[in-house]
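Q: Build me a structure from this.
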Amino acid sequence: MTAIKKFAARVGDAVGARIYTLVGKPAFWAVFILIGVAWPIARTMAIQLPPPLPVLGTLPDFHFKNQYGQDFGSSELKGRIWVANFIFTRCPTECPRFTKEMFQLQHRGRGLGQAFHLVSFSVDPEHDTPEVLLEYAKRNRVSPRAWTFLTGDPEQIKRTVVDGLKTSMGREPGKDDDDLTAIFHGTHFVLIDPEMRIRGYYDSHEDDAVDRLLRDAGLLANRGY
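A: A predicted model of the protein is given here:
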């Protein structure tokens, strides 16, 4: 056993001497530092980023009134990432749920700051005056800095919603004027970039719609559209 221990000690001393000699060479430290710097870069490059969001259309200019009776339109939204949805204050079906989903976007999108805005278009503009929209906004805890409601000329609203944002809006024929179920509208969120280009549609009935929308809004903000 003593001979084996002496042999192991000699081998250990030889290995230790080689390591000492190697560590003492400047080239060793140059290679060590190079590997230490290159490894995180290589790991980052290996992560596959999601592809850029498609461009699905470009909105024409529009100008309406907000819930405070002030002029508000495309000129106030250019340069910002924003989300559109479609409601009316007398809606007995989809709109309360749709508005709650929009509130989640207001709450969870705060990290994007003033670069991110929400816009709700009234599809019943003849009834939804600025005063009516303001009361609706207050009931739904709307921050005026983050979320705007729009109303205006019915034909211009329809042109913006249907022709511009490419979603549905109208009234079913053959129903009484006071039948609120005759009013229909799209239930997708629409994501628009600072150049007024449509970059995505998100079905508000899907559980992960808000998550996906916020992720894509963050991608637009970080990538510069």
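
Q: Show me where this protein has its helices.
A: Using DSSP state H, the helices of the chain run over 2-23, 26-46, 74-77, 94-108, 130-139, 154-158, 209-223.

Q: quick one: contacts for residue 172?
A: 182, 184 (C-beta atoms under 8 Å, 6 or more residues apart in numbering). For the C-beta atoms, the positions are set from N, CA and C on the backbone; glycine is no exception.

Q: my bad, residue 94
A: By C-beta under 8 Å, 6+ apart, residue 94 lies in contact with 185, 187.

Q: Do you know the pLDDT at it?
A: For residue 94, the pLDDT comes out at 94.

Q: how near is it to residue 150?
A: Going from residue 94 to residue 150 by C-beta to C-beta, to the nearest Å gives 18 Å.

Q: what do you get for residue 172?
A: Counting by C-beta to C-beta, the gap from residue 172 to residue 150 is 23 Å.

Q: and residue 12, what pLDDT?
A: Per the predicted model, pLDDT is 51 at residue 12.

Q: what about the protein, any weak spots by pLDDT?
A: 1-49 (pLDDT under 70).

Q: my guess is residue 108 contacts residue 214, does it?
A: Yes. Here residue 108 reaches residue 214: they are 5.9 Å apart, a contact under C-beta atoms under 8 Å.

Q: Who has more neighbours out of these two?
A: Using other C-beta atoms under 10 Å as the criterion, residue 108 and residue 214 rank with residue 214 on top: 20 against 13.

Q: got the contact list for the more buried one?
A: Contacts of residue 214 by C-beta under 8 Å, 6+ apart are 105, 108-109.

Q: One more pass at 6 Å, please.
A: Shown in contact with residue 214 (C-beta atoms under 6 Å, 6 or more residues apart in numbering): residue 108.

Q: how much space between it and residue 98?
A: Using C-beta to C-beta, residue 214 is found at 16 Å from residue 98.

Q: Check residue 146 too.
A: 17 Å.

Q: got the contact list for stretch 195-213?
A: Outside stretch 195-213, the residues that touch it by C-beta under 6 Å, 6+ apart are 53, 55-59, 98, 101, 104-105, 187-193, 216.

Q: Filter the residues you listed down to the ones in strands?
A: Residues of the contacts of stretch 195-213 located in strands (DSSP state E): 57-58, 188-192.

Q: For residue 66, state which of the residues you listed is nearest.
A: residue 192 (16.9 Å; C-beta to C-beta).

Q: Counting neighbours, which of the ones in strands among the contacts of stretch 195-213 comes out on top?
A: residue 192 (28 neighbours).

Q: My guess is it contacts residue 80. True?
A: No. Using C-beta atoms under 6 Å, residue 192 is not in contact with residue 80; the gap is 8.8 Å.

Q: list the contacts for residue 95?
A: Contact analysis of residue 95 by C-beta under 6 Å, 6+ apart lists residue 87.

Q: how about 7 Å then?
A: Going by C-beta atoms under 7 Å, 6 or more residues apart in numbering, residue 95 touches 87-88.
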